[in-house]
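Q: heads up, no residue letters with this:
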C-alpha cells in the first residue's frame, strides 16, 4: 500500500477556543484518507465535514482566496507560521509534504496585538490601523497627473514591488518571538519610500506608522530574521533596515 | 415573504417551462445620453445636478464591499465630503477578491504607439462582449481608462516599467494592441492595495466609518427606495441596522454558484440576491465566463480552482493527443501524434483566441475522449518549444511565479512536462441591472463592479474587470451619485427604527433561526457541492434545453431538501462560519434557478453563453440578433416562481454586430 | 490638497483602540525604533571601547608595558570623564535593552506549544537578553575586582596592576570566571554587531552576508583576544 492511494493518516492537535474570553485548550482528532493532493485548508475542510457529521462544532479558521494572495489564512503548524514550507501560505501548502502518520499541532497566530476570536481565527485589524496611520499617498481621486509624467527607475520600481508584495497575513508577527510588526510596517514604508510618489509624505509617514505600530502592542525587532524566513512572500528584512534609516532621517529633519 | 410559504418543491420545473418564448412584462430604459458617443459622458456629467458642498457631509452613503469598486468608491465619495460608512464581510478591506486578479488592467493610453485609442478599446470591448453590452457605458469605460492608470500610479502602484522609467504594456487576451498595464502577476493585488490605501487614508482621517466582519444579509427598501441594510456582525452574531440616503453594492460576482470556481471561498450572491428579492432586477444571469487556463480538478475534496494568467497562452501551445485514450505521459507523445487543436482550428489567432472559444474547444476535445491526466478532463499547455526558442531563463522571467504556483499545486515541474489545464468558472458578466448612472431600478440602490451587469456584454475581455471596477468606483459614481442625491431631500433618510428595518431584521433573524434549527444530516458544503456539479453539467460551458430543464427541477428539490436536512452546528450569537456559509448557499439555491431560467430563455449562443441548439456548422456560437439583441432583466416574483421579464433593447450605432471570427 | 478634514458630526474612528504612546516612564515617550537605535548606538560605542580595552590589555604580553600604560592612563585628567561617559553609555544600553525586552515579552503572551524555528534565528540571536544579563553580572564583578581590587579570586598581595591581573587569572576560579565572561561577550557580539548595523539601517541585501561575517568575526576576535590573556596568565602560572 502507499499513502498515495489510501491517503494519509493524520493526528491533529487543534487549539479550540470558543471566543475571546474563553481560555482555550488543545483537542485531538484523527483524520484518515487525506489525499496528498489536497491543500492544508482542504484537509481542514475534511476535518470539519467529519466533525459536523459527528455532531461537533467545526474548527473556525480564516481563509478566502486559497491561492496565496488574499492573506486571510494562516495558523501555526508545528511551531511554524503557515507550516514548514518556504514562501508558502497555508492554503498553498499541500498535504504531499507531510509523511503518513504525521502529528500536526495547530495553533492560532499568537500576539497581544492579535487577540484570538475563535479557534484559529485572530483579529489582525491592528495591521489596518497601521496603514490608516500613514501607509498611503494622499492623492484624492482626480488630482493625478499623467502616469508617464514621472519616470521611475526600473530598479526602484522592482524593489518597491518586492516590498509591496506583502499580503498582510501576519506570519511575521506570529513567527517573531517578540511579536514584532516591523516587517509588515517596513514593507509598506519601503514600498512608498522607493517611489517618487511617496516622497512628499515620506517623513510624516514613517513616524506615524511606527507610532501606531507601538501603540498596538507589537514588540520591538531583535533581528532574529525569523519573520523573513516565515514570510510567504519572502519579504526581505532589508526593508526593516530601510525603515530604520527612514525613521531617523525623519527624526533628524525634525530636530 | 418568509421561505416557509414558498419553498414548495412542486412549483419546480414549471416556471421555466416556456421561458424560451416568455413575453416581456415591461421594457427598461438605460437612460443613456444621446448625441455623438464621444461627447455623451462629458455632456452627461455637465447635466447631472450637483450637491451643495456644505450639505455633502449630511448625506449618508453605505458602501457594501471593499474590492476595487467598493474601496475606490468609498474613498472618492469621502474625499468629496459625503458621510460614508463601509461594510465588509472580511477581517480587513484588503482581502476582497479583486486581490487575486493576475494579468493586468487595460487602458487606451496608446503609450506603445501601436494604434490604440479610446474608440478602439470601446470597439474591442463591445465586439469581445459579443454585442450584448451598452455602447454608451462601454465608451465611458474606455474614456476614463487612462485616468485610472494616472490615479493608480499617483497612489504608488508599482506597475512594471521599462529601463527608461516609463510604464510598460503588454498585449493580453488576444488584443491586437499592447494596452495592458501590469504589476508582475499581481496586478489585482497592487491595484486593490492602492484603493485600500486611499480608503485607509480616509478611515484614519475619520471621514469613513469602516466596519469589518459584517455580512450584509438584507437591503431595506422604503417606498421603493433603498434606505439601508441589515448586517450580521460576524464576531458576535448580532444583527445591526444601517440607514443611509443611498446604498452602493460592490459585492462582486456569483461564480461560486458552481461551487468550484476560481472565486475566493467567500464570494457570494447574497447581497445582490437580497436586493433582487426586494425588487431590484437581475440582468443576464446566464452570462458567465469560463477561463481556459486553470489547474484541473484533482479530487472530491477539492475546494476551489486556481487560475493561471492567460498570458501563458502567449508562449504555451495547447494540444491533446490525436488518438483517444492515450496513456503515455505528455512529453513522450511524438510530434506527429499531437493535435494542436487551437492552432489547427483558428490559424490566425491560434492559441490566443478569446476565452470562451478556447474553453469550448478544450471541452470538445475532452468530450471526444482525448483529454489528458487522470481525470481525462484536461488539455496540455506546452512550453517545450518556447523554452527551446527563448531559453529557460526567458520563460522563467515571464512566467516564473506561475510555474512555481503550478508546481506547488500539482507537484509537477512545468519546465519539464507540459502543464495540464482545464477551463473553470472565473467571472460573471451578469448582475443587477443598472442604468447609465449605475443605479438599479430601485432608486438609491447603486451597483458597481462585477456585481452589476453593465459593461462586458456576454463575454469579458482579459484585463477589463479591473478597469471596470475602478472606473465605476473612481470616475463614475462620484458624479452619478451626486446627481441622485441632489434630487433627494436631506430629510429623506429613514430612521433605523422604521418598520421596514424592523421587518427586514425580523425576517433575517427568522431565516437564520430556521437554518440553525433544521439539525439535519447533510453539511452545508455537501449541498453546495451538489448544486455546483448540477450547474457545471447543465449550465456550464455548453447548455441545452433538456439539460437546463432537468437542472431547474433538481435545483428546486435540492433547495427543499436544504431547508429540511441541513446541519448547521452552533448558535447564531457567536462567530459561526457554518452559519455564514449556510446563508450563502441558501441564496445560491434560489439564485441558481433564475440563472437557469435565463439560460433557457436565451436560446441563442453569445459570448460565454453557448446554447448547443444555436451554433454554426463549424460548431461556433451563433448569435440571434433578431430576437435577442436585448438585456433580459428579471423581476423577482417568489421563490420557485417564474420571474417576470423586463427587456432593455440594445442598439448599436457605432459597432455593427458581426459574427466573431478568429479563423 | 491636504487630507480631508474629519467631519465634525461623525463618530470619527470606530474600529480602533488608537494610539496612545506606550505607557510607563521607562519608555520615556520613545518609540520602539528610537530605543533600539539607542541600544545599537551605545552598543557600537561599547564595541569600540572593547577593542581599545583589549588593545591596552594585550600589552600585558610585553613585560612592563602594561603597567606603564596603566600609569599613563591614570595620570590623565580625562580618565574620570571617560569613565563617567562609558558608564552612561553602558547604562543606556542595558536599561533600554531591558525595557524593550520587557515590552517584547508582553507582546507575546503565550508561547507556542511546539517550539520551532526556521533556522534563521541563531542561538546568539535568541539569547541576547540572557547573554546580555550574563555580561552585566560579569562587568559588575569585573569592575569590583579589577578597579576596586576586591579580593575575589585568592588574596594576592601584589604591587603592580599586571601582577594583580596575572595572579587572579591564574587562579582557577578567576580563569573560569573571566573565560566565561568574555565568551558571553563574544556570543553577544556575534549577533549584536550585525544587529546594530541592521537597526541603524546600515544593511542591505548586498551587505547582509558580509555584515553577518563581520559580526561573527568581531565576536570571535574579541573573545579570543581576551582569552589569550587568560591562557597567558595560566601558562605563566601567575608570574
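A: Nice, thanks for sending it over. Just so you know, these numbers come straight off a predicted model, no measurement behind them. Numbers count the residues shown, from 1 in each chain, chains lettered A, B, ... in the order given.
Q: Without its sequence neighbours, what residue ends up closest to residue 232?
A: Reading this off chain A. Closest residue to residue A:232 apart from its sequence neighbours, by CB to CB, 6 or more residues apart in numbering or on different chains: residue A:89 at 4.3 Å. Backbone N, C-alpha and C define where each C-beta goes, glycine included.
Q: try chain C instead
A: In space, residue C:232 is closest to residue C:61, 6.2 Å off (CB to CB, 6+ apart).
Q: For that neighbour, which residues are in contact?
A: If you count contacts by CB atoms under 8 Å, 6 or more residues apart in numbering or on different chains, residue C:61 has them with C:228-229, C:232.
Q: before we move on, what about residue A:199?
A: Contacts of residue A:199 by CB under 8 Å, 6+ apart are residue A:193.
Q: Scan the contacts of residue C:61 and report the most crowded one.
A: residue C:229 (20 neighbours; other CB atoms under 10 Å in any protein chain shown).
Q: element containing that one, please.
A: Here residue C:229 sits within helix C:205-236, counting by DSSP states H and E.
Q: Remind me what that helix packs against, helices and strands.
A: helix C:32-58, helix C:161-170, helix C:172-199 (3 or more CB pairs under 8 Å, 6 or more residues apart in numbering or on different chains; DSSP states H and E).
Q: quick one, which of these is nearest to chain B?
A: Nearest of the helices and strands packed on helix C:205-236 to chain B, taken as CB to the nearest CB: helix C:32-58 at 20.0 Å.
Q: From the chain's centroid, how far away is that closest one?
A: Its chain's C-alpha centre and that of helix C:32-58 lie 7 Å apart, by CA atoms, centre = their mean, to the nearest Å.
Q: is chain A contacted by it?
A: Yes. Helix C:32-58 reaches chain A (CB under 8 Å from any CB of the partner chain) through C:32-37.
Q: other SSEs contacting the lengthiest helix in chain A?
A: Longest helix of chain A, by residue count under DSSP state H: helix A:238-254. Applying 3+ CB pairs under 8 Å, 6+ apart, one finds that helix A:238-254 contacts helix A:182-193, helix A:202-215, helix C:32-58, helix C:172-199.
Q: what residues does the second one touch?
A: Translated: helix A:202-215. Applying CB under 8 Å, 6+ apart, the set of residues contacting helix A:202-215 is A:129-135, A:181-182, A:185, A:188-189, A:192-193, A:198, A:243, A:246-247, A:249-251, A:253-254, C:18-22, C:31-33.
Q: what does the helix or strand harbouring residue B:502 contact?
A: If you go by DSSP H and E, residue B:502 is part of helix B:499-518. Applying CB under 8 Å, 6+ apart, the external contacts of helix B:499-518 come out as B:1-4, B:217-222, B:227-228, B:230, B:232, B:239, B:241, B:243, B:494-495, B:563-568, B:570-572, B:579, B:582-583, B:586.
Q: So which of the residues you listed belong to helices?
A: Among these, DSSP H puts B:563-565, B:579, B:582-583, B:586 in helices.
Q: And those, which of them are buried?
A: B:563, B:579, B:582-583, B:586 (16 or more other CB atoms under 10 Å in any protein chain shown).
Q: Export the residues you listed to JSON lines and append columns for pLDDT and distance to residue B:102.
A: Formatted as JSON lines, these follow (pLDDT from 0 to 100; distance: CB to CB, whole Å):
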{"residue": "B:563", "pLDDT": "98", "distance to residue B:102": "39"}
{"residue": "B:579", "pLDDT": "98", "distance to residue B:102": "32"}
{"residue": "B:582", "pLDDT": "98", "distance to residue B:102": "31"}
{"residue": "B:583", "pLDDT": "98", "distance to residue B:102": "30"}
{"residue": "B:586", "pLDDT": "98", "distance to residue B:102": "32"}
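Q: For these, work out which two are farthest apart.
A: B:563 and B:579 (14.2 Å; CB to CB).
Q: what helices or strands is the worst-scoring helix or strand of chain C on mean pLDDT leaning on?
A: In chain C, no helix or strand scores lower on mean pLDDT, DSSP states H and E than helix C:161-170, which sits at a mean of 90. Counting by 3+ CB pairs under 8 Å, 6+ apart, the packing neighbours recorded for helix C:161-170 are helix C:65-75, helix C:172-199, helix C:205-236.
Q: buried sites along the helix holding residue C:229?
A: C:207-208, C:211-212, C:215-216, C:218-219, C:222-223, C:225-230, C:232-234.
Q: Tell me how many other residues crowd the residue in the stretch 151-255 of chain A that chain B sits nearest to.
A: Of all residues in the stretch 151-255 of chain A, residue A:151 sits closest to chain B, at 2.8 Å by CB to the nearest CB. Residue A:151 is flanked by 14 other residues according to other CB under 10 Å.
Q: Helix, strand, or coil at the nearest residue to it once chain neighbours are set aside?
A: Closest residue to residue A:151 apart from its sequence neighbours, by CB to CB, 6+ apart: residue B:165 at 2.8 Å. Put simply, residue B:165 is coil when judged by DSSP: H, G, I helix; E, B strand; the rest coil.
Q: re the thing from before, out of the contacts of helix B:499-518, name the ones that lie in strands.
A: Counting by DSSP state E, those place B:217-222, B:227-228, B:230, B:232, B:239, B:241, B:243, B:566-567 in strands.
Q: closest to chain C among those residues?
A: For the ones in strands among the contacts of helix B:499-518, the residue nearest chain C by CB to the nearest CB is residue B:243; the value is 14.5 Å.
Q: how many other residues sit next to the nearest residue to residue B:31 once chain neighbours are set aside?
A: Closest residue in space to residue B:31, ignoring its immediate chain neighbours: residue B:435 at 4.4 Å, by CB to CB, 6+ apart. Close neighbours of residue B:435, defined as other CB under 10 Å, add up to 19.
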